[in-house]
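>>> Give me coordinates for this.
(chains A, B and C)
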Amino acid sequence: MDQGGYRLELPEDGYEWRKYGQKFIKNIGKMRSYFKCQRSSCSAKKRAEWSTSEPNNLKVVYKGVHNHALPASESGSSQLGTSNANQYDLLTQVFGDRSTAH
DNA sequence: CGGGTTTGACCGGCGC
DNA sequence: GCGCCGGTCAAACCCG
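Numbers count the residues shown, from 1 in each chain, chains lettered A, B, ... in the order given. All right, here's what the predicted structure looks like:
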């Protein structure tokens, strides 16, 4: 499980993922989880990265593209897949300090 | 019973 | 050429 006793809150993007690995990257001093899309021929992968001391600072990196429709549509969470181009090869989303300004 | 999840080990690539 | 790091796969276990 995740260390620290904190429950990492992975942002639901509407896709199904299966965790296939977890490693601590000392290079950046952060933990990294590896997720793969569970669809037919979808080679899309997701990478979750967060600091061990601050699990609230979550960074999600989407690698690859989905060649299938979303298995589930989110009900007002993110605007991903709307007018957003779903043919990106790499997407990086950073979560955490949304109250940086205020 | 199946699927999903977790941990460890292994391999490949790159740097020096 | 070797060492190190990152990434992936496999096995076992647990829960529904």
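>>> Please pull out the lowest mean pLDDT helix or strand from chain A.
Lowest on mean pLDDT, DSSP states H and E among the helices and strands of chain A sits strand A:90-95, with a mean of 83.
>>> Which strands or helices does that one pack on?
Applying 3 or more C-beta pairs under 8 Å, 6 or more residues apart in numbering; DSSP states H and E, one finds that strand A:90-95 contacts strand A:58-63. The way it works is simple: take the backbone N, C-alpha and C, and place the C-beta from them, glycine included.
>>> Can you point out the buried residues in the strand it packs on?
A:58, A:59, A:60, A:62, A:63 (16 or more other C-beta atoms under 10 Å).
>>> Ok, stretch A:41-61 next?
With burial defined by 16+ other C-beta under 10 Å, the residues of stretch A:41-61 counted as buried are A:42, A:44, A:46, A:47, A:48, A:49, A:50, A:55, A:58, A:59, A:60.
>>> touching DNA strand B at all, that stretch?
No: on the criterion C-beta under 7 Å from any atom of the strand, stretch A:41-61 is out of touch with DNA strand B, staying 10.5 Å away.
>>> Quick one: end-to-end distance for that stretch.
Its first and final residues considered, stretch A:41-61 spans 20 Å by C-alpha to C-alpha, to the nearest Å.
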